[in-house]
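Enquirer: Make a model of this:
(2 chains, ligands or ions: 4)
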Amino acid sequence: MKFWRLPLDAEAHTIPHGKVNIIWNRCKGCGFCIEFCPNSCLKESKHFNAKGYHPPEVVLQAEDCVECGLCSLICPEFAIFTELKEAKEITEEDIQKVTIRYSRKDKRYQKR
Amino acid sequence: MKVKLREIVPFDKEAEEKAIQKDHGLHPDDKYLKPGRIPHIWCPGCGLGVVLTSFIEGMRRKGLSVDQCAVVSGIGCTGRVAGYLDMDTYHTTHGRAIPFATGLALAKPDLHVTVFSGDGDLFAIGGNHMIHAARRNVNLKVLCVNNFNFGMTGGQVAPTTPLEARTSTTPLGNAEPGFNLPYLAHAAGAIYVARWTTFHPRQLVHSISESLGKKGFTFIEAIAPCPTGYGRPNKLGSGLEEMRYYREMSQIRNGADLRDTEIRLREKIIVGTFINTDRPDFMENYMGKVVARARAKGKGKEKGKAA
Ligand SMILES: Cc1ncc(C[n+]2csc(CCOP(=O)(O)OP(=O)(O)O)c2C)c(N)n1
Ligand code: SF4
Ligand code: SF4
Ligand code: SF4
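Expert: Numbering: from 1, shown residues only, chains lettered A, B, ... in the order given. Ligands and ions are numbered 1, 2, ... in the order given. Coordinates of the predicted model:
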């Protein structure tokens, strides 16, 4: 599927970009944030923290985080939170990116 | 009688700095948590932390500051929230969270009193308090974390354990069906009844903030994984696997018939906001029906004397 133009109300919306902060030593490695992030922004780190768990780390381009806040809400340990970095205007590129992602060509979405 | 007030200890700057060094104050929720208490003792994969975060978020969403709220909890893993929240909290004896909170809610009608406790605490030893507070419609917000067992004492059978589920005291399977908590709360008279799992934190936040705005007895059941006490004997796997199970098996059905919301082992879980009504709460009835009449009677007598 391809959009042939920007949505008419594109100006009324922005894409938030978040910065993910992980408090490394608080994490108990439950994996909730990694599993339920809607944009699959996180993955388990190879390194151990002081408690001996594998905390999450941000994968790929950090700009994938849309600052939805689910990771900080679902983390039982108060170990992860996000901050709004910028609210970007919607461009044609973004529309293209989203269509590709949800057409499941994106590798990260195929494994589901 | 002279009442001696406890001396207020001046704020300890040094202790605060130490806490910040220990990673306190970095997370936006840390201002709701007592410095030095995090990390909490809950097991990895336990859902209690999710319910606590949702409660904090619900309070924030409703725009309530910490001095407008109080939290009362009983004994159990869930009961420990009273020790983690940096606000007026009370950790009561086992099962007695509701009577303590009732007194608090009657003495301070403007305070938002939440009872944050486990299923064992609220429905085993504290079952009678629960149904009678609901019948009276005391202005209390009950947030019951249901992990289907007595977590803290080693995973014993609870009144919420489903039929045939294994626990440390029912190694061959439970012979008793568990309570259907929303149905029970509704039948006893709660004006707001909802059930969510820890896989639905956003809906849980919404329900909590909605219940904080209601005047009367509200009941929210938050289903949470307990990988240590309940997950292991029932082969439900880690906390994450239990969360996946909630994702697969829960059906959102707002306003569902509460006769259908019973939970069985490895079967679907019906979640949603089931009841949202209004009726006069205890204070309103007491002031309007008893105190007003007593005052009128008193006035009548005074008039009689004057004549
Ligand atoms: C009067 C009394 N009886 C028994 C106990 C032992 N006890 C401590 S916690 C607990 C059960 C708590 O279960 P629940 O409320 O489900 O909380 P969870 O640990 O599962 O979160 C019991 C029976 C006690 N502390 N006091
Ligand atoms: S804020 Fe949302 S998109 Fe960003 S990392 Fe957390 S869960 Fe993922
Ligand atoms: S949800 Fe929290 S505790 Fe669990 S893996 Fe993510 S950061 Fe660690
Ligand atoms: S025993 Fe169960 S309820 Fe208690 S902290 Fe561990 S996982 Fe949580």
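Enquirer: before we move on, what SS does the closest residue to residue B:155 other than its chain neighbours have?
Expert: Distances taken as C-beta to C-beta, 6 or more residues apart in numbering or on different chains place residue B:229 nearest to residue B:155, at 3.1 Å, with adjacent residues excluded. (C-beta placed from N, C-alpha, C; glycine too.) With DSSP: H, G, I helix; E, B strand; the rest coil as the basis, the three-state label of residue B:229 is helix.
Enquirer: so where is the stretch 51-200 of chain B shaky, pLDDT-wise?
Expert: Along the stretch 51-200 of chain B, no part satisfies pLDDT under 70.
Enquirer: Alongside ligand 1, which residues does it contribute?
Expert: The stretch 51-200 of chain B comes close to ligand 1 at residues B:75-78, B:94, B:118-121, B:145, B:147, B:149-153, B:158, as judged by C-beta under 6 Å from any ligand atom.
Enquirer: switch to 5 Å and redo it
Expert: B:75-78, B:94, B:118-121, B:147, B:150-153 (C-beta under 5 Å from any ligand atom).
Enquirer: is stretch B:208-216 up against chain A anywhere?
Expert: No. Applying C-beta under 8 Å from any C-beta of the partner chain, one finds stretch B:208-216 separated from chain A by no less than 11.9 Å.
Enquirer: for that stretch, what is the average pLDDT?
Expert: Summarised as a single mean, pLDDT over stretch B:208-216 is 97.
Enquirer: start to end distance for it?
Expert: 14 Å (C-alpha to C-alpha, to the nearest Å).
Enquirer: And it, how far out from the chain middle?
Expert: Offset of stretch B:208-216 from its chain centre (C-alpha atoms, centre = their mean, to the nearest Å): 12 Å.
Enquirer: who touches that stretch?
Expert: B:54-55, B:57-59, B:61-62, B:64, B:69, B:112, B:114, B:137-139, B:141, B:143, B:190-192, B:194, B:218, B:220, B:273, B:276, B:278-279, B:281, B:284 (C-beta atoms under 8 Å, 6 or more residues apart in numbering or on different chains).
Enquirer: re the thing from before, in strands, which of the residues of the stretch 51-200 of chain B next to ligand 1 fall?
Expert: Using DSSP state E, the members of those that fall within strands are B:118, B:150.
Enquirer: Ligand 3: which of the residues of the stretch 51-200 of chain B next to ligand 1 is nearest?
Expert: residue B:77 (16.5 Å; C-beta to the nearest ligand atom).
Enquirer: okay but that closest one is in contact with residue B:51, surely?
Expert: No. Using C-beta atoms under 8 Å as the test, residue B:77 is too far from residue B:51 to be in contact (11.0 Å).
Enquirer: Of the residues of the stretch 51-200 of chain B next to ligand 1, which belong to helices?
Expert: B:119, B:120 (DSSP state H).
Enquirer: Outside of stretch B:99-115 itself, list whatever touches it.
Expert: Under the criterion C-beta under 8 Å, 6+ apart, residues B:55, B:64, B:68-73, B:90, B:92, B:97-98, B:122, B:129, B:133, B:138-143, B:212, B:282-283 lie in contact with stretch B:99-115.
Enquirer: Looking at the residues you listed, which are in helices?
Expert: Going by DSSP H, the helices hold B:55, B:97, B:98, B:129, B:133, B:212, B:282, B:283 from the contacts of stretch B:99-115.
Enquirer: shouldn't the second one be in contact with residue B:122?
Expert: Yes. Taking C-beta under 8 Å as the definition, residue B:97 is a contact partner of residue B:122 at 7.2 Å.
Enquirer: who touches both of those two?
Expert: Shared contacts of residue B:97 and residue B:122 (C-beta under 8 Å, 6+ apart): B:74, B:115.
Enquirer: Spell out which residues belonging to chain A are near chain B, please.
Expert: Residues of chain A lying near chain B (C-beta under 8 Å from any C-beta): A:21, A:23, A:25-26, A:28-32, A:35-36, A:51, A:53, A:70, A:72-79, A:81.
Enquirer: Turn the buried ones among these into a named ChimeraX selection, would you?
Expert: Per 16 or more other C-beta atoms under 10 Å in any protein chain shown, the buried members of the residues of chain A next to chain B correspond to this ChimeraX selection:
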select /A:21,23,26,28,29,30,31,32,36,53,70,72,73,74,75,76,77,78,79,81
